[in-house]
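J.: sequence first, predicted coordinates after that:
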Amino acid sequence: MPDCVGVPLELTAQVFASGMNGALKRWPAVDAREVPLAAKLTLSPSWKPHRMRIATFGFTFPDGLEFIPPREEADDAENLERILPPKQPKRADETDSGKKKKSTRLKPPEDALSLEDRLFYVLQPPLESWLAGQELIMPFEPFPFQYEGIAWMFAQKSALLADEMGLGKTMQTITAVRLLLRSGQARRILLICPKPLIPNWQREFKLWAEELPITTVEGDAARRRMLWTMPGVPILLANYELMARDFDGMPEEDLPRFDLVVLDEAQRIKNRDSLTAQVSRGIARRRSWALTGTPIENRPEELASLFEFLEVIPPRGTPDLRQLSRLADDYILRRTKDLVMSDLPPRLDRDEYLELTPAQKYSYATAEKEGIVQLNDMGETITISHVFELVLRLKQITNADPLTGESAKLDRLAAEMEEIAQSGKKAILFSQWTRTLDWLRDELEKRLPQCGTLIYHGGVPTKKREPILTRFREDPDSHLLLMSYGTGAVGLNLQFSSYVFLFDRWWNPAVEDQAINRAHRIGQENPVTVTKFISKDTIEERIDLVLQQKRELFAAILGDGDNTNASLSLTASEIFGLFDLKARAGKGTKSIGPDDATEEKQAA
């Protein structure tokens, strides 16, 4: 009901003379009374009183000083306290020391040509503020170099994140994906990784992006086909084998399209002629990201295959070394732990040169002498595979004598593990052969039952692998985990281990580094001691020199050294030189890598 006020009506009766009055000869009697408009007669005015607006001027004066009674003078002047203004609250961009945090700005990618596209990145606030504004819950505060990686990936359509193992490539990728989805830059994302790493990605997404629904492509063919094409799924997670199998036989019109395709452990497509590499390049997508700590494992052609997936070189393009270096500057982001993690505990490397036992020496000398004679007798029919077959036979003898089981490496390992177990620490051991790991487990259970030896390799069923890792992490009586390079070198976080043993050497130094960095990574609180067992006066010493040469190759392509005189790959002459043999005609300059060897394949 509108506001009503009572207004008295002052009515004055006025009588005018008329012919009728003269006839009546009397004055009319007028009955007048006051009736308020808001009376009980339910009379409500349909108008509102008009209130005039009057301009006024106001003045605000500061509050007066509050009266504080004077304090009594202290006898000692030192007891007097100086009255200071109240402390201002610390700004969000300042650290406890008062210094401003480093702000990470988004930079427009090189292919952003339009003004609108470039302004989108330039006008964004610092990444630290943007993440806070987007209300993205982060379980831990990223390191400054990780903010830089997130900003770099978010702005790139073609990106190869090649950080050294243990620097958080997974976390940086997940956060960049969150930003793409939140900003509307992507709606459908495919992430491909090796099958053993599927649980690891599921766990990391739950930790760093719990709000994102993840769908894992698995099951029979009909279910997988439905998952590939199902709408409303922002992130699909699949392994390389299923992706290659399903997409290879799918009609072109049924192939799904994605805003972003991410390849984890992207060295899986280093062979551009493999089915996996071909199918990966054929996926329809707007953005291409690749993750690997080892963009070059053996030959620079592997890097060209990655660039072809990133769509920065034409199909079947063969850039030379200078062009690869320039492309690496534009599309590869690589940081190493020694540059960005000054507070990471040190990694202590030591090479243990061991004398073979008498039985090993006899078996080794006999096998080497007979093998070289056979190679020479082959004449022109000798191949690299024949040489590698002899190499593998000799390496197995350096691990243990095939007749007596004597092993200088096992003796040293048992002595080391006895001390480690007593101290309550944990250790990881890597070997090339699953048979060697099984033999080590049996021997250590007899010699050191208190060691609590566990085993993890390709022969272990997939469902049992995660419980083994959980037991090794949580059981105080489990001190040693035996792992194969193929299964344990990638994607696992074992930073609670303080010791790493390389029981035998792998051909590829990058694979060895991956294995070592399962323990030496972010979250490690103790120094990590890495022990490499090398048998003196054997093929292992010569292999160690080969590995050092391959490290120089890796540094040359990525700009860590002079790349003008780098040896790009092992040649047949170098392989034959392991036994002081000369390469046959036409084979001296052929590029050779570990893939040419007859190495034992690990189960996936």
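T.: In hand now; what should we look at? Numbering: from 1, shown residues only.
J.: if I read this right, residue 169 contacts residue 161, doesn't it?
T.: Yes: between residue 169 and residue 161 there is a contact at 5.4 Å, judged by CB atoms under 8 Å. C-beta here means a position set from N, CA and C on the backbone, and glycine is covered the same way.
J.: hey, what's in contact with both of the two?
T.: Common neighbours of residue 169 and residue 161, counting by CB atoms under 8 Å, 6 or more residues apart in numbering, are 149, 291.
J.: which one's more surrounded, the two?
T.: Higher neighbour count among residue 169 and residue 161: residue 161, with 28 against 22, using other CB atoms under 10 Å.
J.: in this structure, which segments are predicted with low confidence?
T.: For the chain, the stretches with pLDDT under 70 are 1-103, 105-135, 297-298, 341-343, 488-491, 549-604.
J.: can we see that at 50?
T.: 39-41, 43, 61, 64-68, 74, 77-81, 83-99, 561-570, 585-604 (pLDDT under 50).
J.: longest helix anywhere in it?
T.: Assignment by DSSP state H gives helix 358-378 as the longest helix of the chain.
J.: that one packs against which elements?
T.: With contacts defined as 3 or more CB pairs under 8 Å, 6 or more residues apart in numbering; DSSP states H and E, the packing partners of helix 358-378 are helix 384-399.
J.: now do the following helix or strand past the helix it packs on: which elements does it pack against?
T.: Note on helix 384-399: by DSSP states H and E, the next helix or strand toward the C-terminus is helix 408-423. Helices and strands touching helix 408-423, by 3+ CB pairs under 8 Å, 6+ apart, are strand 347-354, strand 427-431, helix 434-447, strand 480-484, strand 499-502, strand 528-535.
J.: now tabulate those in JSON lines and tack on distance to residue 137 and mean neighbour count.
T.: Output for the helices and strands packed on helix 408-423, formatted as JSON lines (distance: least, CB to CB, whole Å; neighbours: other CB atoms under 10 Å):
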{"stretch": "strand 347-354", "distance to residue 137": "32", "mean neighbour count": "14"}
{"stretch": "strand 427-431", "distance to residue 137": "32", "mean neighbour count": "25"}
{"stretch": "helix 434-447", "distance to residue 137": "41", "mean neighbour count": "17"}
{"stretch": "strand 480-484", "distance to residue 137": "33", "mean neighbour count": "25"}
{"stretch": "strand 499-502", "distance to residue 137": "34", "mean neighbour count": "24"}
{"stretch": "strand 528-535", "distance to residue 137": "31", "mean neighbour count": "21"}
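J.: distance to residue 230 for these - can I get that in a markdown table?
T.: Output for these, formatted as a markdown table (distance: least, CB to CB, whole Å):
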| stretch | distance to residue 230 |
| --- | --- |
| strand 347-354 | 45 |
| strand 427-431 | 40 |
| helix 434-447 | 38 |
| strand 480-484 | 36 |
| strand 499-502 | 43 |
| strand 528-535 | 44 |
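J.: and residue 252, which of the ones you listed is closest to it?
T.: strand 480-484 (38.8 Å; CB to CB).
J.: before we move on, back to that, do you know which of the helices and strands packed on helix 408-423 lies nearest residue 269?
T.: Proximity to residue 269, assessed across these by CB to CB, is greatest for strand 480-484 (22.1 Å).
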